[in-house]
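Undergrad: Need the 3D shape of this:
(one chain, ligands or ions: 3)
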Amino acid sequence: MKYISLMGATGSIGTQTLDIIREHPGEFRLIALSVGRNIDLTRKIIKEFNPDLVSTLERSAAKALEAEFPDITFTYGQEGLIEVAAYHKAQILVNAVSGSVGLTPTLQAIKERKTIAIANKETLVTAGHLVMEEAKRNEVSLLPVDSEHSAIFQALQGEQHKNIEKLILTASGGSFRDRTRQELENVTVKEALNHPNWSMGAKITIDSATMMNKGLEVIEAHWLFSMDYDKIDVLLHKESIIHSMIEFHDSSIIAQLGTPDMRVPIQYALTYPDRLPLPTANRLSLSEIGNLHFQKMDMNRFRCLWFAYEAGKEGGTMPTVLNAANEAAVAAFLEGKTTFLQIEDLIERALSIHKNIKNPGFTEIQEVDKETRKYINSLL
Ligand SMILES: NC(=O)C1=CN([C@@H]2O[C@H](COP(=O)(O)OP(=O)(O)OC[C@H]3O[C@@H](n4cnc5c(N)ncnc54)[C@H](OP(=O)(O)O)[C@@H]3O)[C@@H](O)[C@H]2O)C=CC1
Ligand SMILES: CC(=O)[C@@H](O)[C@H](O)COP(=O)(O)O
Ligand SMILES: [Mn+2]
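TA: Ligands and ions are numbered 1, 2, ... in the order given. Predicted coordinates:
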C-alpha cells in the first residue's frame, strides 16, 4: 500500500488523482491533502477518503472544518502546504497545485525524501536548478505527471540518455490555434478557456492558448531530462494523440500515444515502474481516427514560446521572471483587467527590465518572484 500526500486535491489534476486512488483501493491510501478555497468539495473528499491531515488556503476554513471533523488535523496557508508535502506517513507527494506556490513545499518534501509526482510545472520553471540539486542530494525521484513529460519518460525506459538526438514536445495549439494574431485582439476569457482537447484548470488553459504552456514545458523538460534547449523541439499536433517523442542519434523515433486523458500519466507516476489496468480509460483506435496532423511551430505567431526559450537559455532568474510575470498577467486576464494579447506584452516588459542574477539562491528566487508580480500589477 502506497501512502499519498496530495497538494491541490480540489483541482483538475487533484480530482483525477483521486479517481486513480478510488480505482485502486488496495494500492493507494490518501493520507494528507491540501486545497485552496473549494471547501464544499473538500468536505466531500474528507468524507470519502478520511485523511489524517488537511490544509486549506485560509485559516477560517481550517477552523470551520476542524469543528466538523474532530478526528482530523487541520492546518492552513503556506505552512499548511509544507506540512502536507512533508507529512511523515506519506511516501509519495503528488504536487498538483497551480503556480510557484508549490516550490517551497516541494523542496521540503524532497528533504524528507518523498518521491515526487510532479504536475506543478511552475515549480520547475521558477527554480529548476534548486529542485534538481535537492533531489540529487537526497536521492529522490521526480516522476513527471505532465502528459508530454510522462510520454518522454515512458519512451526513455530502457534507453540511454547519451543516445538522444532531441526531444520533440507536441502542442495542441490551444483554443486559438486556427486564428491569426489580428483575430486575437478582442477574444474573451470564455473563448480562451475553451481548450479543444483537454479539460484543465483556468490558468493552464490560458497558458495553452498563449503557447506559454509549451514554453514552460520546454523549461520543465530541460530540468527533468537534463537536456540542452537546442535539443528540445516543439511540434504542432492538433489532435493531442502523440503526447511527445524522443529522436535518437540513429534516426529512430519513439513516441507515446493515447487518447487525451490525464489519469494515464497520473497513474503511471503512482505505479512506476509497474503499470496497472485503467478500465475506464478510452482506448485509442488509430483506424477510427484515420489521420494525425503535424505543423512546424511559428515563433512569431506564438511569442510566449520564444520568450520561454530565451529565458531558459539565459538561465539565472530569467525563468523566475517569465513564470511570475505570466502568473500575474494570466490572473489579470482572468479577472478582466487586461486583454489576451496584452499578456504577452506584460511578460515581455518584465523580462526586458530585469537584471539577471546568475545561479540564484532560494531567497533571491522568492524576491524576484515577488518583485515581478508587483511590477506587473503596477502596469495594469
Ligand atoms: N489540468 C491538467 O490537465 C494539467 C495540469 N498540469 C499542471 O498541474 C498543476 C495543476 O493544474 P490544474 O489541476 O489544472 O489546476 P487547478 O486550477 O484545476 O487546480 C489547482 C489546485 O491548487 C489549489 N490552489 C490554487 N492556488 C493555491 C494556493 N495559493 N495555495 C494552495 N492551494 C492552491 C486549488 O484549490 P481550490 O480549487 O480549492 O481553490 C486546486 O486544488 C499546474 O501546475 C498545471 O500546469 C500539467 C499538465 C496537465
Ligand atoms: C494535458 C497536458 O499535459 C497539458 O499541459 C496539455 O499539454 C495542454 O495542451 P497544449 O499546451 O498542448 O495545448
Ligand atoms: Mn502538458
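Undergrad: residues from this structure in reach of ligand 3?
TA: Applying CB under 5 Å from the ion, we find that the chain lies next to ligand 3 at 146, 147, 148. C-beta here means a position set from N, CA and C on the backbone, and glycine is covered the same way.
Undergrad: Would you show me how to pick out the buried ones of those in ChimeraX?
TA: Command for ChimeraX that selects the buried part of the residues of the chain next to ligand 3, burial taken from 16 or more other CB atoms under 10 Å:
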select :146,147,148
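Undergrad: Mind putting the residues of the chain next to ligand 3 into a markdown table with secondary structure and pLDDT?
TA: Formatted as a markdown table, these follow (DSSP: H, G, I helix; E, B strand; the rest coil; pLDDT from 0 to 100):
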| residue | secondary structure | pLDDT |
| --- | --- | --- |
| 146 | coil | 98 |
| 147 | helix | 98 |
| 148 | helix | 98 |
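Undergrad: I'd like the residues of the chain next to ligand 3 as TSV, with distance to residue 318 appended.
TA: Formatted as TSV, the residues of the chain next to ligand 3 follow (distance: CB to CB, whole Å):
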residue	distance to residue 318
146	21
147	26
148	22
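Undergrad: What pLDDT is listed against the closest residue to ligand 1 within the chain?
TA: Of all residues in the chain, residue 11 sits closest to ligand 1, at 1.9 Å by CB to the nearest ligand atom. According to the prediction, residue 11 has pLDDT 98.
Undergrad: ditto for residue 181
TA: For residue 181, the pLDDT comes out at 89.
Undergrad: What does residue 236 show for phi and psi?
TA: For residue 236, the backbone dihedrals are phi -70, psi 130 (criterion: degrees, to the nearest 10).
Undergrad: Sorry, wrong one. I was asking about residue 100.
TA: In terms of degrees, to the nearest 10, the main-chain angles of residue 100 are phi -70, psi 0.
Undergrad: How about the contacts made by the residue of the chain closest to ligand 1?
TA: 36, 96, 97, 98, 201 (CB atoms under 8 Å, 6 or more residues apart in numbering).
Undergrad: One more pass at 10 Å, please.
TA: By CB atoms under 10 Å, 6 or more residues apart in numbering, the residues touching residue 11 are 17, 35-36, 38, 41, 96-98, 119, 200-204.
Undergrad: Point out the residues in the stretch 151-300 of the chain that sit beside ligand 2.
TA: Residues of the stretch 151-300 of the chain lying close to ligand 2 (CB under 6 Å from any ligand atom) are 171, 172, 174, 198, 208, 213, 214, 262.
Undergrad: The residue of the stretch 251-380 of the chain found nearest ligand 2: neighbouring residues, count only.
TA: Residue nearest to ligand 2 within the stretch 251-380 of the chain: residue 262 (5.5 Å; CB to the nearest ligand atom). Other residues lying near residue 262 total 22 when counted by other CB atoms under 10 Å.
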